[in-house]
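Asker: Take a look and give me a structure for this.
(one chain, ligands or ions: 2)
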Amino acid sequence: MYINFWYPMALSTEVTQEKPLRVTVLCLPFVIFRDTAGAAKVLSDTCVHRGGALGLGKVRGDHVACPYHGWEFGGDGGCKRIPSLGEGAQLPARAKVDSYPVLEKYGIVFAFLGDLPETERPPLYAIDEFGTPEWRAQTFVFDVNAYYERSIENGLDPIHNQFVHAAQGQPSLSPEQQRTALPMEEIPWGSKHYIKFGGTKSEDTALANVRQGPRIGAAGSWHQGPNQLVTYIDLTATNSFHQYMFEAPVDESHTRVYLVSMRNWLLEDAHEGRMADITRKVVQEDMVIVENLNPIRTPDSNTREVLVPGDTAIAHYRDWLKKWDALGWKIDVKALRAKMGDVAMAIPSPARRDSGNWVHETVPLVSNPG
Ligand code: FES
Ligand SMILES: [Fe+2]
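Answerer: Ligands and ions are numbered 1, 2, ... in the order given. Down below sits the predicted model:
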């Protein structure tokens, strides 16, 4: 797992001005709350006083107050009040926690978990259809007992559909397509395949009889960064499913997946329940597979598995992971685990580039990849 990308932290509806929310992402605790202007704030959860969990405290106006001795921190991470020192007291300069950039889009609160300045940050994926009248969105949250990279690889894998989702009539590749390396396109922060599908399964779906317009019959998947995945299933121009997955690695074997599923047909309310049932069923089929992979995490070398042309997209994804390894963005989880319990740690926030005097150590990063 990596610093310096956007991670989904919570649904917008979970983040309130009344009560802070405590979540674990990248093995570390974070606190999320809304200030009086309604802006969502994401801070490192650990109070620098004596280690209280801010997420178990209270929201007081624009601050989150620690449950242990009431120290209050603003959305910028700075300590604003220490009750035991009295009003107007000089506050210690080291009394601050990391605060992370936030974007709230698609009904999800995202945080940039890293210290890159704004101009250098890999982007949050833009869902252009979201909020337009031609498209309808359904959002799901799934807690998956699997490592997020295995989950992303599953989404990039076009061959599994006919085995794992046989009942769904998912688009499948023709035998020729399966034997040929997928035509890959490099995109910013990722790689993509989008091809006409050759199988006949999609003709069998229960939805086939309501299709309109000339057949496109194409589908594809791509990733942007390590944890954002897009899948298009375009039957015709006006019969499409576009699915966007934003994945939060909770730890080495748990992932919270936020799925924004868009469609430009079957828009009436009457279809909502059926569409949601199909999506849940498909995800459930995937979960049974990815939750039982061995090893749990993506192997460090492709020689530990046997890849074939149908795995081209997975090989490209792994190449991208290596690029981010080389940038020094990979968290050394084993070193992190060895220290946790004795040392409170945080993902470095952008403010660390401008000021020193931080109480908590930053997570160990893999400095010598490979
Ligand atoms: S530990 Fe947070 S106020 Fe004391
Ligand atoms: Fe699948």
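
Asker: how long is stretch 111-125 end to end?
Answerer: End-to-end distance for stretch 111-125: 13 Å, by Cα to Cα, to the nearest Å.

Asker: Please tell me how far that stretch is from the chain's geometric centre.
Answerer: Computed by Cα atoms, centre = their mean, to the nearest Å, the chain-centroid distance of stretch 111-125 equals 13 Å.

Asker: what does stretch 25-34 give?
Answerer: Centroid separation between stretch 25-34 and its chain, computed with Cα atoms, centre = their mean, is 13 Å.

Asker: for stretch 276-295, same thing?
Answerer: That offset, for stretch 276-295, works out to 17 Å (Cα atoms, centre = their mean).

Asker: what does stretch 188-196 give?
Answerer: Taking Cα atoms, centre = their mean, the mean C-alpha location of stretch 188-196 is offset from the chain mean by 18 Å.

Asker: For beta bridges, what are the partners of the closest residue to Cys27 other than its chain neighbours?
Answerer: Distances taken as Cβ to Cβ, 6 or more residues apart in numbering place Asp251 nearest to Cys27, at 4.8 Å, with adjacent residues excluded. Where you see a C-beta, it was placed from the backbone N, CA and C, and this is true even at glycine. The partner list for Asp251 in beta bridges (DSSP bridges) reads His254.

Asker: Likewise for Val230?
Answerer: Trp222, Tyr244.

Asker: For Ala315, which three-state class applies?
Answerer: Per DSSP: H, G, I helix; E, B strand; the rest coil, the local secondary structure of Ala315 is helix.

Asker: Next, the contact list for it, please.
Answerer: 302, 307 (Cβ atoms under 8 Å, 6 or more residues apart in numbering).

Asker: per-domain residue ranges of the protein.
Answerer: Following automatic domain parsing, one finds the domains of the chain at 5-119, 136-323.

Asker: Counting neighbours, what do you get for the residue nearest to Cys27?
Answerer: When counting by other Cβ atoms under 10 Å, one arrives at 17 neighbours for Asp251.

Asker: Would you quantify the distance from it to Asp157?
Answerer: 23 Å (Cβ to Cβ, to the nearest Å).

Asker: What of Gly75?
Answerer: In terms of Cβ to Cβ, Gly75 sits 40 Å off from Asp157.

Asker: same thing with Met275?
Answerer: 23 Å.

Asker: Those two: which is more packed in?
Answerer: Set side by side, Met275 and Asp157 show more neighbours around Asp157, with 19 against 16, by other Cβ under 10 Å.

Asker: Grab the nearest non-local neighbour of that one.
Answerer: Ile314 (6.3 Å).

Asker: Where does pLDDT dip in the stretch 151-300 of the chain?
Answerer: 169-171, 198-212 (pLDDT under 70).

Asker: Go through the strand or helix carrying Gln177 and flag the buried ones.
Answerer: Following DSSP states H and E, one finds Gln177 within helix 175-179. Of the residues in helix 175-179, those with enough neighbours to count as buried (16 or more other Cβ atoms under 10 Å) are 177-178.

Asker: roughly how far out does it sit from the chain middle?
Answerer: Worked out by Cα atoms, centre = their mean, helix 175-179 lies 31 Å from the chain centre.

Asker: Quick check: which helices or strands does the next helix or strand after it pack against?
Answerer: Of the helices and strands lying after helix 175-179 in sequence (DSSP H and E), the nearest is strand 185-187. Applying 3 or more Cβ pairs under 8 Å, 6 or more residues apart in numbering; DSSP states H and E, one finds that strand 185-187 contacts strand 190-196, strand 215-224.

Asker: re the thing from before, quickly note the distance from the residue nearest to Asp157 to Val144.
Answerer: On the measure of Cβ to Cβ, Ile314 and Val144 end up 18 Å apart.

Asker: Which residues are in contact with Ser240?
Answerer: 232-234, 263-265.

Asker: Tell me the bridge partners for Tyr194.
Answerer: Beta bridges link Tyr194 to Gly220, judged by DSSP bridges.

Asker: how many neighbours does it have?
Answerer: 17.

Asker: show me the contacts for it.
Answerer: Contacts of Tyr194 (Cβ under 8 Å, 6+ apart): 185, 218-220, 222, 232.

Asker: rerun that using 7 Å as the cut-off
Answerer: 218, 220, 232 (Cβ atoms under 7 Å, 6 or more residues apart in numbering).

Asker: again, but for Tyr147
Answerer: Neighbouring residues of Tyr147 by Cβ under 7 Å, 6+ apart: 252-253, 255, 296-298.

Asker: swap the cut-off to 10 Å and go again
Answerer: 1, 153, 249-255, 290-291, 293, 295-298 (Cβ atoms under 10 Å, 6 or more residues apart in numbering).
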